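Trainee: model the following, please.
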Amino acid sequence: MNLMWFLLIICVGLIGLGVFIDWRNKRNGLEHSDPEENQKHVSESERAYVESYMHNMKNDHNNGPL
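Mentor: Numbering: from 1, shown residues only. Predicted coordinates:
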């Protein structure tokens with residue numbers, strides 16, 4: 001019984017921490033990021049990996065689950 005309360009308190013605390021951090025970031029304006037500025041700092045290997053992953057996901061979606 002005590003272990004369940006402890007786990008419940010930990011879970012609620014983690015969710016509360018996430019809500020607080022999200023609220024603080026939105027208040028400080030961190031949701032306004034510039035995608036073009038972010039693209040300047042991506043390596044070629046990272047870009048190739050993401051493009052390959054997105055292409056494979058599109059193929060999986062078009063071909064269906066089987």
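
Trainee: which stretches of the protein form helices?
Mentor: Per DSSP state H, the chain carries helices over the ranges 2-27, 35-39, 44-63.

Trainee: could I get those as a markdown table with mean neighbour count and mean pLDDT?
Mentor: Bear in mind the C-beta positions are built from the backbone N, C-alpha and C, glycine included. Output for the helices of the chain, formatted as a markdown table (neighbours: other C-beta atoms under 10 Å; pLDDT from 0 to 100):
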| stretch | mean neighbour count | mean pLDDT |
| --- | --- | --- |
| helix 2-27 | 10 | 93 |
| helix 35-39 | 8 | 80 |
| helix 44-63 | 10 | 83 |
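
Trainee: give me the distance between Q39 and G29.
Mentor: 20 Å (C-beta to C-beta, to the nearest Å).

Trainee: likewise for S52?
Mentor: 33 Å.

Trainee: repeat that for V50.
Mentor: Distance from V50 to G29, by C-beta to C-beta: 26 Å.

Trainee: what's the answer for E36, then?
Mentor: For E36, the distance to G29 - C-beta to C-beta - is 18 Å.

Trainee: same question for N56.
Mentor: The gap separating N56 from G29 is 35 Å, by C-beta to C-beta.

Trainee: before we move on, what about K58?
Mentor: For K58, the distance to G29 - C-beta to C-beta - is 33 Å.

Trainee: same check on I10?
Mentor: 31 Å.

Trainee: now do L3
Mentor: L3 is 41 Å from G29, where distance means C-beta to C-beta.

Trainee: check F6 too.
Mentor: 37 Å.

Trainee: same question, N38
Mentor: Remark: distance between N38 and G29 (C-beta to C-beta) = 16 Å.

Trainee: kindly report the same for I9.
Mentor: To G29, I9 is 32 Å away according to C-beta to C-beta.

Trainee: try W5
Mentor: 38 Å.

Trainee: then M1?
Mentor: Separation of M1 from G29 (C-beta to C-beta): 45 Å.

Trainee: settle it for me: which of those two has more neighbours?
Mentor: Higher neighbour count among M1 and G29: G29, with 8 against 5, using other C-beta atoms under 10 Å.
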